[in-house]
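[1] Make a model of this:
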Amino acid sequence: MSADGLRELAVAAGLRVLAAGRWPESAADVVLPVLPGFVASSFSPLAAEAARRCLDAHPSGAGAGGPVTAVVVASALGDLAGAVRVAGAVDGGERLGPLLFFQAVPNAVAGHLAARRDLTGPVVCVGDARSGVAVAEGLLADGDAGLALLVLVEQSAVPGGAERAAAVLLAPPDAY
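    So this is what the prediction gives:
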């Protein structure tokens, strides 16, 4: 799903889209920026770069001093490349390094985003974009967060296939 598709889902749910970002944005996006502490997979760097672009696109950003902001990560397959790497190591009797253990769950990057951008709201991971919008809608409606950063990550199940991420910063319909 594209950033536009994510935006459309959110708008259809009655949410305001304050900013959006994605990877890749253009043909110039060839090499994904490295995300320190995350190895052997593009999942977390994809999520982090789309989130960075989204948050940087919002005039006041999100985080320090702003409204409580939730982080919702949506992905149908989770960190597929990381899971394949871990399974191969286990099958081969290899010792797994601590970084692979740390990033073995998709919410590792959600926690990373929250810590780096001072996002103090709930952190949730779900299996698809519609569920992500529904969770964001619930967190905003219940007052658990004033904003929600929704990040959708799609890794390819085929080596060399297209990988992408989209992020939207969401607010309740009557806020901001």
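[2] start to end distance for stretch 117-126?
    End-to-end distance of stretch 117-126 (CA to CA, to the nearest Å): 21 Å.
[3] which residues pair with the residue sitting nearest the centre point of the chain across the strands?
    In the chain, the residue lying closest to the centroid (CA atoms, centre = their mean) is residue 151, at 3.1 Å. Beta-bridge pairing for residue 151 (DSSP bridges): residue 73, residue 167.
[4] Tell me the spacing between residue 44 and residue 100.
    With distances taken as CB to CB, to the nearest Å, residue 44 is found 12 Å from residue 100. Bear in mind the C-beta positions are built from the backbone N, C-alpha and C, glycine included.
[5] which one of those two has more residues nearby?
    Taking other CB atoms under 10 Å, residue 44 and residue 100 do not tie; residue 44 has more neighbours (24 against 18).
[6] correct me, but the more buried one touches residue 36?
    No: taking contacts as CB atoms under 8 Å, residue 44 lies outside contact range of residue 36: 10.3 Å.
[7] before we move on, back to that, surely the residue nearest to the centre of the chain and residue 73 touch.
    Yes: Residue 151 is in contact with residue 73 according to CB under 8 Å; the separation is 5.1 Å.
[8] In terms of helices and strands, where is residue 131?
    helix 129-142 (DSSP states H and E).
[9] Could you do residue 20 as well?
    Going by DSSP H and E, residue 20 is part of strand 16-23.
[10] List of residues touching that strand?
    Residues from elsewhere that reach strand 16-23 (CB atoms under 8 Å, 6 or more residues apart in numbering): 2-3, 6-7, 10-11, 29, 32, 46, 49-58, 147, 164-173, 175-176.
[11] Tell me the secondary structure at the residue sitting furthest away from the middle of the chain.
    The C-alpha centroid of the chain is most remote from residue 93, which lies 31.5 Å away (CA atoms, centre = their mean). What DSSP: H, G, I helix; E, B strand; the rest coil gives for residue 93 is coil.
[12] Worst mean pLDDT across the helices and strands of the protein, which element?
    Lowest on mean pLDDT, DSSP states H and E among the helices and strands of the chain sits helix 98-102, with a mean of 71.
[13] helices or strands up against the helix or strand following that helix?
    Using DSSP H and E, the helix or strand that follows helix 98-102 in sequence is helix 107-117. Here helix 107-117 is seen to pack against helix 43-57, strand 69-74, strand 123-126, strand 147-154 when contacts are counted using 3 or more CB pairs under 8 Å, 6 or more residues apart in numbering; DSSP states H and E.
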